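1. Give the three-dimensional model of this entry:
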Amino acid sequence: MSQSISAGSKVSAGNTAPTVAIVGGCGHVGLPLGIALANNGCRVTLIDISAERVALVASGKMPFFEDQADVLLPAVLADERLRATTSLDAVKDCRTVIVTIGTPVDEFMDPSIYAFDRALDDIMGRMAAGSLLIVRSTVFPGVTERLARRVADRGLKIEVAYCPERIIQGYGIEELRVLPQIIGGTTPTAAEQAAAIFQMLGAKTLELSPIEAELGKLFANAFRYISFSIANQFYEIAERFGADFHRIHATVTKDYPRMTGFARAGLAAGPCLLKDTMQLGAFNHNDFVLGQAAMMVNEGLPSVLVQKAKQTHDLRNMTAAVLGMAFKGDSDDARDSLSYKLRKLLTIECKRVVCTDPLIEDPAFVSLETALAEADIVFLGACHSRYRDLKIDKPVIDVFNFLSQSRREVTYSKPAKG
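-> Sure, this is the predicted structure:
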């Protein structure tokens with residue numbers, strides 16, 4: 001981090017507001033947190049290795065979609081409550097340092113502890129005595145306690161806590177306020193100080209031991225991932241027997257509280273769910289049968305959709321269009337999106353494949369109008385709102401049952417009088 005770009009760096013003399021540095025501060029986790037803290041009285045320094053993102057944030061513009069941020073970011077910059085920089089030395093001036101860097105994993109989807117150590121060594125070596133280090137990234141269970149031991153071995157006077165991020169991407173600023181925040185302090189002082197930071201947002205705080213907090217985050221993401229795999233496996237079974245999964249789902253969940261947790265079928269992807277499920281398996285000595293089975297089901301769904309299309313269409317002479325390349329609807333994030341795996345499979349099977357997405361800029365993509373005009377068959381990859389009421393006069397493969405022409409209507413008869 002040699003180059004330094006800053007904005008809003010002037011701080012009023014005598015300002016006693018809490019000072020917070022966020023490492024990875026211009027990313028999907030760090031930036032909403034930084035804006036929310038600055039909006040609630042903290043002086044926040046965002047630290048990021050991307051000079052491009054730092055410059056964009058410093059100009060008051062968001063590098064990705066985040067609800068409320070287009071208004072709040074310029075406001076906290078103007079009030080000099082927030083600045084952005086590429087210089088890691090900025091942590092020296094902050095009493096609290098929050099780490100939100102992406103969890104490094106190796107080629108086997110196992111956590112890369114050494115990469116994490118190197119990153120944290122650079123941070124800790126610059127922190128002032130008496131400061132607080134909060135790890136917000138998803139980590140391998142035991143890493144926080146290990147980090148506290150390494151702090152002690154180096155003679156550093158730093159408190160350490162683990163406070164996992166649990167927000168939904170795109171709506172983090174609001175969820176930071178309403179969702180309880182889990183606090184895993186390695187000492188009572190660390191827990192108290194970390195809780196005070198998140199309580200500034202108006203959030204309730206819940207205390208666990210560090211390893212319980214680490215496992216809690218992995219359990220939450222693995223639970224969602226497995227839940228999606230159950231729905232996707234049921235979808236495959238229904239398809240195999242010529243039944244309509246979506247009608248079944250609508251019927252068995254109708255006014256039946258014990259089925260409210262039954263997820264809908266769809267492409268389950270993104271930068272966290274699969275990775276964290278595999279991390280949990282690695283922690284448990286690769287003995288996580290449910291998680292590994294979920295991975296096979298969810299990662300195999302694009303192939304299921306292509307095979308479904310092949311049953312009724314000769315794809316070899318057809319142009320296929322994929323609508324939506326983000327990993328989920330109304331998001332501009334394409335990280336780990338299964339739409340790209342779907343595109344790869346279709347490229348093998350089809351004469352031609354065209355892709356479109358209203359929120360992702362890619363020179364290889366075409367407009368929605370072009371995609372629909374040139375396609376012989378259409379696959380829905382992400383449930384963007386603008387797609388919902390499209391009128392498509394081509395065969396459609398919509399595993400989500402999202403498009404208006406795909407949605408199955410279920411009628412319910414009233415009980416007979418007698």
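2. Kindly state the domain boundaries assigned to this protein.
-> 19-208, 217-397 (automatic domain parsing).
3. and those as JSON lines, adding distance to Q405 and mean pLDDT?
-> No exception for glycine: its C-beta is placed from N, CA and C like everyone else's. Output for the domains of the chain, formatted as JSON lines (distance: least, CB to CB, whole Å; pLDDT from 0 to 100):
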{"stretch": "domain 19-208", "distance to Q405": "27", "mean pLDDT": "93"}
{"stretch": "domain 217-397", "distance to Q405": "6", "mean pLDDT": "95"}
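4. Reformat those domains into JSON lines and put mean neighbour count and distance to S404 next to each item.
-> Output for these, formatted as JSON lines (neighbours: other CB atoms under 10 Å; distance: least, CB to CB, whole Å):
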{"stretch": "domain 19-208", "mean neighbour count": "19", "distance to S404": "23"}
{"stretch": "domain 217-397", "mean neighbour count": "18", "distance to S404": "5"}
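5. OK, contacts around the spatially closest residue to I113 that is not a sequence neighbour?
-> Once flanking residues are discounted, I113 sits nearest to F140: 6.8 Å by CB to CB, 6 or more residues apart in numbering. By CB atoms under 8 Å, 6 or more residues apart in numbering, the contact set of F140 is 111, 113, 214, 279, 282-283.
6. Please produce JSON lines containing the domains of the chain, extended by distance to L403.
-> Listed next are the domains of the chain as JSON lines, based on distance: least, CB to CB, whole Å:
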{"stretch": "domain 19-208", "distance to L403": "21"}
{"stretch": "domain 217-397", "distance to L403": "6"}
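7. Ok, which of those comes nearest S406?
-> Taking CB to CB, domain 217-397 is the member of these nearest to S406, at 6.1 Å.
8. Excluding chain neighbours, what is closest to I35?
-> Closest to I35 by CB to CB, 6+ apart is L72, at 5.2 Å.
9. tell me the contacts of that neighbour?
-> 35, 39, 173.
10. ditto for T312
-> By CB under 8 Å, 6+ apart, T312 lies in contact with P395.
11. Roughly how far does it sit from F283?
-> Distance from T312 to F283, counting by CB to CB, to the nearest Å: 44 Å.
12. what do you get for A269?
-> Distance from A269 to F283, by CB to CB: 22 Å.
13. repeat for D314
-> For D314, the distance to F283 equals 47 Å [CB to CB].
14. And for I22?
-> Note on I22: its distance to F283, by CB to CB, is 26 Å.
15. same deal with V29?
-> On the measure of CB to CB, V29 and F283 end up 21 Å apart.
16. now swap in D117 and tell me
-> Distance of D117 to F283, given as CB to CB: 17 Å.
17. now do L390
-> When L390 is compared with F283 (using CB to CB), they lie 43 Å apart.
18. before we move on, what about I183?
-> 21 Å.
19. re earlier: just the element for the residue nearest to I35, please.
-> Using DSSP states H and E, L72 maps to helix 69-78.
20. Export that helix to PDB, keeping only CA atoms.
-> Only the C-alpha atoms of helix 69-78 are listed here, as PDB (Å, rounded to 0.1, in the frame of the first residue of the first chain):
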ATOM      1  CA  ALA A  69     -25.500   5.100   0.500                       C
ATOM      2  CA  ASP A  70     -25.900   7.500  -2.400                       C
ATOM      3  CA  VAL A  71     -27.300  10.000   0.100                       C
ATOM      4  CA  LEU A  72     -25.300   9.200   3.200                       C
ATOM      5  CA  LEU A  73     -21.800   8.800   1.700                       C
ATOM      6  CA  PRO A  74     -21.600  12.400   0.400                       C
ATOM      7  CA  ALA A  75     -23.000  13.700   3.700                       C
ATOM      8  CA  VAL A  76     -20.400  12.000   5.900                       C
ATOM      9  CA  LEU A  77     -17.600  13.100   3.600                       C
ATOM     10  CA  ALA A  78     -18.800  16.700   3.600                       C
END
